[in-house]
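Novice: prediction below, plus the sequence it came from.
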Amino acid sequence: MKLSDCYREIWAVDTEYIALDGNAPIPVCVVAKELISGRTARLWQNQLAEPFYRPTGDVLVVAFMAAAELAIFRQLGWPIPSRVLDLYVEFLRLTNGPAAQNALLRPYGVGLLGVLEFFGLPSIDHAEKTAMRNLIMRGGPWTEVERLAILNYCETDVVALERLLPAMEQRIIGDFETHGQALLRGRYMSAVAGMEIRGLPVDCDLLRRLNTHREAITAGLIDELNRQYGVYVGGSFNEAAFDEWVCRSGLEWPRDSSGRLNLQDDTFKAMEGVAPALVAPLRELRKTLVQLRGKGLQVGIDGRARTSIRPFASVTGRNQPSNREFVFGLGKWARSLLKPAEGMAIAYLDWKSQEIGVAACLSGDEVLWASYNAPTDPYLDFAIKAGLAPPNANKSTHKAIRQKAKAIVLGVNYGKGAKAIALETGMHEIEATTLLELHQRTYRVFWGWVKATVNAGLMGDSIRTVFGWSWRAAWLPQVDGKGKALQLNERALLNWPMQSNAAEMLRLACCLIDEGGIRLLAPVHDALVIEAPTAEIDAEVTRAVALMGIASAVVLGEGRVLGVDQYVVRWPNRFIEPDNEAAEEMRLRILCLLSRMESQP
DNA sequence: TCTATATCACCC
DNA sequence: AAACGGGTGATATAGA
């Protein structure tokens, strides 16, 4: 099958735009070449009133990282193309191996130039690309010569796409199914574009105050504590100084095999039990300092925080936005920086126990599916089915056993072992082993599915999601980029189908919600954020939840609708993480430090 | 003094 | 030998 047999027009497209920190992109030019007829459209800023394409099913738009192009189309008010093929995403899919080896599998990187090189195709050099990007980012007005240079540069990427497409075409669209799946990924890029344009509404005043005083607060806290402890040297935590303090204090602090002190919060917590008055202030400071990070948010002049969603960036196909630029990647207290604009509301909608539901349906384990839908919850229902609790048990009557069952049910999805579960819950390793065995006996179909997937992966097969995102875990010899031996991680193979199919569900929901005209703001792995005027938010939540249900049923099968938790914030309120005392405590602590700092000269 | 590596904490 | 999946990023120390 050839693409040119499937479409009347195939447009290779590249755009140039100005993207200033935190602001939506401003179009500079668009160049597109129709690959069947060979005609080229070179459109400068002032020629962008009308799209060069028809948004119909017989027109294919080909791009590299199409979210950028689609963002420009959206900014221009152009209709969304109904068929999009993103060669960036397809390259990621075709070269998707173990995370530690992906650098080897993509020796020239994942940029357009690197991908051209990967296929042995000619391209312009990096220096030229950088120079042109700088010229564009400098902003207008551009001279006539510069304008021509920018258009020509834009066209070089279009020509590159024209060369790249035949090199990748057969592997992308081998048959109708893979063709359609590639288009589904392209379709998602438009939802991504929408989210990247809209950004998240931020309380700019609070953020500005925090940014102004962050360093002074940090320094003040360190000084205050250090008078007694002396473990910070030059504003930095010093291991040697801490070692001395530990010796002075006469504490038996845990160390690793080479004698280095263990500095994990867990260890601090344990030592706090031994010597609360000594350890607690230090532990609190260390936690607070970590939480005070977060000056990376890029906020546009409209008060919206924007960052790249980085779709498909992980081996499971999850989005991977920068943790420092993405509000939901910061500590949870920082979500209180989210504040709807006047008259607006935002809603955080997350699937309940999404990966358990995915596992139940895709494995075909009706017992696990029954547990997922149990009137109690999946954890207690496991305890009941395994004979650990009576059929009438509930959360309050069997709290302790529910906690244990929860650790097992959640841990199983990650391939967690008895030792780790015992450590986490405080139960004996033998008990954890017993419970894990009970899980295997209770959910036999699930375990058969897991083992078949792991075996296929170990044999070198690609494993794949319902929509064809794929991963080959055993591909190259098991060494990393430096020749260091790698062990193929069976637990990664075990978890991959749940995480990656959950990611498919999220992407489809994003498509349906965005296309349904709901203002979609952000994806958060098993959740998404929408926005609406306060008067409309309840209705929009209802619509969005229904669409999440459809996405669930499309991925998991007829009638397999996963539940959704809802959290709505209406102006003038801000986002307060529900049922999270730690986050709220940290928020109040930081606000307190902030106002104290502001009241001092 | 700059960079690489290890450790740790955060998110789902 | 150990055994918690996928990530990003800040920080401190070691190394060049």
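Specialist: Cool, the structure landed.

Novice: and the residue in chain A that DNA strand B sits nearest to, what pLDDT?
Specialist: Distance from DNA strand B to each residue of chain A (CB to the nearest atom of the strand) is smallest for residue A:265, at 2.9 Å. (Each C-beta comes from the backbone N, C-alpha and C, glycine too.) Note on residue A:265: pLDDT of 89.

Novice: now residue A:298
Specialist: Predicted confidence (pLDDT) for residue A:298: 94.

Novice: do the same with residue A:2
Specialist: pLDDT for residue A:2: 88.

Novice: so the strand or helix carrying residue A:89, near DNA strand C or not?
Specialist: Applying DSSP states H and E as the criterion places residue A:89 in helix A:87-94. No: Helix A:87-94 stays clear of DNA strand C (CB under 7 Å from any atom of the strand), getting no nearer than 10.4 Å.

Novice: run through the neighbouring helices and strands of the top helix by length along chain A.
Specialist: Counting residues, the longest helix found in chain A (DSSP state H) is helix A:144-172. Contact here means 3 or more CB pairs under 8 Å, 6 or more residues apart in numbering; DSSP states H and E; on that basis helix A:144-172 packs against strand A:9-18, strand A:26-34, strand A:40-44, strand A:59-63, helix A:87-94, helix A:112-118, helix A:126-137, helix A:176-198.

Novice: tell me which of the ones you listed sits most buried.
Specialist: Burial of the helices and strands packed on helix A:144-172 is given as mean neighbour count (mean count of other CB atoms under 10 Å); strand A:59-63 ranks first at a mean of 25.

Novice: so what touches that one?
Specialist: Contacts of strand A:59-63 with the rest of the structure, by CB atoms under 8 Å, 6 or more residues apart in numbering, involve A:3, A:6-14, A:35, A:53, A:69-70, A:81-88, A:161, A:165, A:186.

Novice: check the secondary structure at the residue lying closest to residue A:194 once chain neighbours are set aside for me.
Specialist: For residue A:194, ignoring the flanking residues on the chain, the nearest one in space by CB to CB, 6 or more residues apart in numbering is residue A:514 at 5.0 Å. When the structure is split into helix, strand and coil by DSSP: H, G, I helix; E, B strand; the rest coil, residue A:514 lands in helix.

Novice: grab the nearest non-local neighbour of the residue in the stretch 1-150 of chain A positioned nearest to DNA strand C.
Specialist: Among the residues of the stretch 1-150 of chain A, residue A:99 lies closest to DNA strand C, at 3.6 Å counting by CB to the nearest atom of the strand. Leaving aside its sequence neighbours, residue A:99 sits nearest to residue A:315 (CB to CB, 6+ apart; 5.2 Å).

Novice: ok, that neighbour - how many residues close by?
Specialist: As a burial measure, the neighbour count of residue A:315 was computed by other CB atoms under 10 Å and equals 23.

Novice: again, but for the one 3 residues further on
Specialist: For residue A:318, the count of nearby residues is 20 (other CB under 10 Å).

Novice: the nearest residue to it once chain neighbours are set aside sits in which helix or strand?
Specialist: The shortest distance from residue A:318 to any non-neighbouring residue, by CB to CB, 6+ apart, is to residue A:503 (4.8 Å). Taking DSSP H and E as the criterion, the element that holds residue A:503 is helix A:490-515.

Novice: next secondary structure after that helix?
Specialist: Taking DSSP H and E as the definition, the helix or strand that follows helix A:490-515 towards the C-terminus is strand A:519-523.

Novice: for the residue of chain A closest to DNA strand B, give me its contacts.
Specialist: Listed by CB under 8 Å, 6+ apart, the contact set of residue A:265 reads A:283, A:286-287.

Novice: least reliable of the helices and strands packed on helix A:144-172 going by mean pLDDT?
Specialist: Among the helices and strands packed on helix A:144-172, helix A:126-137 scores lowest, with a mean of 87.

Novice: what about it, distance to the chain center?
Specialist: Taking CA atoms, centre = their mean, to the nearest Å, the mean C-alpha location of helix A:126-137 is offset from the chain mean by 29 Å.

Novice: strands of the stretch 351-500 of chain A, start to end?
Specialist: For the stretch 351-500 of chain A, the strands identified by DSSP state E, counting those that start in this stretch occupy A:462-464, A:470-472, in order along the chain.

Novice: who wins for proximity to DNA strand C among these?
Specialist: strand A:470-472 (9.1 Å).
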